[in-house]
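**Q** Got a predicted model here, sequence first, then my questions.
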Amino acid sequence: MQVRHLMRAIPAFLAVTAFAADPLPTHVASANPKIARFAQPNILSPELFETIVAQGSNKLEIPAGITAGVFTYYGYNEDAGLAMIPPTGSNAEFHKTEPDKNVYLVLKNQKGADPSYKYGTHFLFQGHETGVSGYFTRINLDADGAHRVTLMANADVNGATLPVYDGITWYPFSQRLLLTSEGNGTSTGGVWQATLDVPSKVKSLTGILGQGGFEGIQADSQGRLIIVEDIGGSAGSAFPQAKRPNSFIFRFTPKNTSDLTQGGKLEALQLASKAHSGPIVFAAASNDAAIQSQDVADMHTYGLSFDTAWVTVHDTDTDGMAVFNANQLAKDKLATPFKRPENGQFRPGTNFAEFIFDETGDTNLNTQAGTTYGGFGAIFRLRLTGDTGKLSLVYNGDAAGIHAGFDNCGFWDRDRIVFVEDAGDGLHGQRNGLDSAWLFDLNTDYSSGNQPIRILAQGRDASATLDSQLSGSSGFVNEGDNEITGWHHSDGDPTVYGLLGAKIPKPFRAGWRMFYTQQHGDNNTFEVLSKKANKGDDDEDED
């Protein structure tokens with residue numbers, strides 16, 4: 001029996017596993033303010049604390065077979081003649097590489113640059129979103145400082161430079177990491193697979209999955225992939241602070257789950273319109289009409305449910321394996337565009353029949369799209385039944401910009417999911433608030449004014465504070481304010497039973513661990529921990 005068939009019955013069994021969860025974290029009252037030339041600490045719910053597992057200034061260990069070049073630090077390129085901190089009166093500093101999404105795995109017999117060193121069994125993998133070019137790394141959570149972070153690869157099997165990476169997931173069917181590069185579809189973007197070898201063997205899948213603004217990527221129990229695309233649309237002439245929906249939700253069904261290079265079928269999600277007959281599509285109408293269409297308004301209305309289908313975009317059996325523009329083909333095939341979706345996950349306990357994903361929106365308090373047309377971002381629920389389904393709104397970002405610009409996510413438990421913000425420097429200033437991580441309850445009706453729990457008010461480290469001051473200056477190459485990225489909650493199970501969505505998460509128990517990266521600035525990656533869970537059993541009966 002193939003594992004993919006065995007897995008169909010697993011989540012239903014795991015869904016009934018009993019677990020007495022701790023009380024939910026306490027709401028953090030407000031976001032950190034954005035104050036010029038002032039750094040701010042991260043503020044977590046009082047039940048939580050965090051510890052750094054790697055920081056941008058960690059020197060990488062370089063395995064034999066890799067020419068490191070500028071790739072010598074976890075969060076920085078070592079640009080010749082420059083430094084991590086620019087000298088007085090200068091904006092010239094190393095490129096910051098922005099370690100992005102994380103994958104936690106418990107593995108045996110992993111090697112590194114030092115053949116005599118025992119690297120342990122707990123590892124965190126991540127791609128890097130910016131810099132001179134791309135690479136991906138492994139944090140060795142059991143290792144000492146000299147062996148803490150390993151450079152896995154900075155070139156593919158043909159010696160070609162890697163692109164910068166936004167998303168990552170573990171694909172147990174083929175024992176490969178899948179890394180996504182957010183591009184424009186015309187000439188950049190796509191999915192790359194990478195082995196756990198050191199150095200890793202990296203191959204492009206752009207002739208199979210195409211090129212696009214690919215970011216979020218998750219697998220179901222049958223080995224199918226859901227890919228969430230983020231390509232910002234063009235602004236309207238009458239609505240210059242708003243952009244038209246321009247990105248798609250893709251599903252890929254491989255011919256052979258043990259070898260994705262054999263090809264398969266790529267589809268895109270299509271919604272049936274409630275305003276007219278036929279689907280909601282990327283029409284030839286003007287940007288203004290598309291930004292404020294009735295379809296977009298309906299999609300961001302509580303209580304409405306849309307019939308969905310998957311339309312074939314590309315099939316390697318008939319279309320071959322030449323590189324193609326997945327974004328444009330999705331438009332040609334009449335798939336439904338969204339307003340910058342970025343990430344999503346399968347809801348645990350649903351047998352991979354429910355997928356929760358977000359839209360980032362316009363990240364501008366002055367957007368003419370407003371709340372009516374999704375200008376501040378949204379969260380959606382996609383219920384899947386074979387090749388059809390239903391889509392509905394879970395949460396619509398608010399006009400005050402307090403809950404806006406949603407990006408990556410991770411399930412806390414069966415019913416609750418964390419979505420973090422990527423509001424950007426502009427919206428930070430407009431609302432006078434840095435980013436937050438929000439805990440949403442999928443059983444809560446948010447149409448009636450209920451709000452999620454803020455479990456993290458992101459701060460701003462000194463390096464990001466300096467970069468925010470330098471942002472926009474001639475020749476400056478880095479970002480500004482810190483961003484929350486790579487929110488990841490897993491027990492590290494590398495088998496098909498460990499797919500995100502297969503088990504009910506048990507926060508801070510039974511090997512479940514939680515991580516995120518404070519991107520930009522110092523590029524610290526944290527583990528989030530529970531004060532109660534770390535006290536030990538002796539304190540359980542204390543008042």
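**A** That came through fine.
**Q** okay, CA-based contacts and neighbour counts for the rest of this
**A** Noted.
**Q** Give me the residue at the spatial middle of the protein.
**A** Nearest residue to the geometric centre of the chain (Cα atoms, centre = their mean): Asn408, 3.9 Å.
**Q** and the gap between it and Pro337?
**A** Going from Asn408 to Pro337 by Cα to Cα, to the nearest Å gives 19 Å.
**Q** Could you do Ala242 as well?
**A** Distance, Ala242 to Pro337, by Cα to Cα: 15 Å.
**Q** Going by residue numbers, what spans are strands in the stretch 1-150 of the chain?
**A** 43-44, 48-54, 99-106, 122-128, 136-140, 149-153 (DSSP state E, counting those that start in this stretch).
**Q** how about the ones you listed in a markdown table, adding mean neighbour count and mean pLDDT?
**A** Below are the strands of the stretch 1-150 of the chain laid out as a markdown table (neighbours: other Cα atoms under 10 Å; pLDDT from 0 to 100):
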| stretch | mean neighbour count | mean pLDDT |
| --- | --- | --- |
| strand 43-44 | 21 | 98 |
| strand 48-54 | 17 | 98 |
| strand 99-106 | 26 | 98 |
| strand 122-128 | 24 | 98 |
| strand 136-140 | 24 | 98 |
| strand 149-153 | 28 | 98 |
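**Q** Any idea which of those strands gets closest to Arg383?
**A** Among the strands of the stretch 1-150 of the chain, strand 99-106 comes nearest to Arg383, with 24.9 Å by Cα to Cα.
**Q** quick one: low-confidence parts of the protein?
**A** Flagging of the chain using pLDDT under 70 yields the residue ranges 1-21, 536-543.
**Q** can you rerun that using 50?
**A** Within the chain, the ranges that satisfy pLDDT under 50 run 1-19, 537-543.
**Q** can you give me the helices in it?
**A** Per DSSP state H, the chain carries helices over the ranges 3-6, 10-14, 206-209, 287-291, 294-299, 316-319, 326-332, 424-431, 462-470.
**Q** And these: which comes nearest Ala219?
**A** helix 3-6 (11.2 Å).
**Q** before we move on, the earlier item: and the helices of the chain, which is most packed in?
**A** helix 206-209 (a mean of 25; mean count of other Cα atoms under 10 Å).
**Q** Count the residues that sit near the spatially closest residue to Gly183 that is not a sequence neighbour.
**A** Nearest in space to Gly183, with sequence neighbours left out and distances taken as Cα to Cα, 6 or more residues apart in numbering, is Gly189 at 3.7 Å. Other residues near Gly189 come to 26 when the count uses other Cα atoms under 10 Å.
**Q** residues in contact with Gly189?
**A** Residues in contact with Gly189 (Cα atoms under 8 Å, 6 or more residues apart in numbering) are 163, 180-183, 206, 211-214.
**Q** Just the buried ones from the residues you listed, in ChimeraX syntax?
**A** Selecting the buried subset of the contacts of Gly189 in ChimeraX, with 16 or more other Cα atoms under 10 Å as the burial test, is done by:
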select :163,180,181,182,183,206,211,212,213,214
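**Q** Can I get the contacts of Gly189 in a markdown table including distance to Thr360?
**A** Output for those, formatted as a markdown table (distance: Cα to Cα, whole Å):
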| residue | distance to Thr360 |
| --- | --- |
| Pro163 | 23 |
| Thr180 | 18 |
| Ser181 | 17 |
| Glu182 | 14 |
| Gly183 | 16 |
| Thr206 | 25 |
| Gln211 | 21 |
| Gly212 | 17 |
| Gly213 | 14 |
| Phe214 | 14 |
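**Q** So Ala322 sits against Leu205, correct?
**A** No - Ala322 lies out of contact with Leu205 (Cα atoms under 8 Å); the separation is 10.2 Å.
**Q** just to revisit the earlier point, check contacts around the closest residue to the residue nearest to the centre of the chain other than its chain neighbours.
**A** Using Cα to Cα, 6+ apart and skipping the chain neighbours, the partner closest in space to Asn408 is Asn343 (5.2 Å). By Cα under 8 Å, 6+ apart, the residues touching Asn343 are 215-217, 228, 357-358, 407-409.
**Q** want to throw those into TSV with distance to Ala92?
**A** Formatted as TSV, these follow (distance: Cα to Cα, whole Å):
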residue	distance to Ala92
Glu215	30
Gly216	32
Ile217	35
Val228	35
Phe357	38
Asp358	36
Asp407	29
Asn408	30
Cys409	34
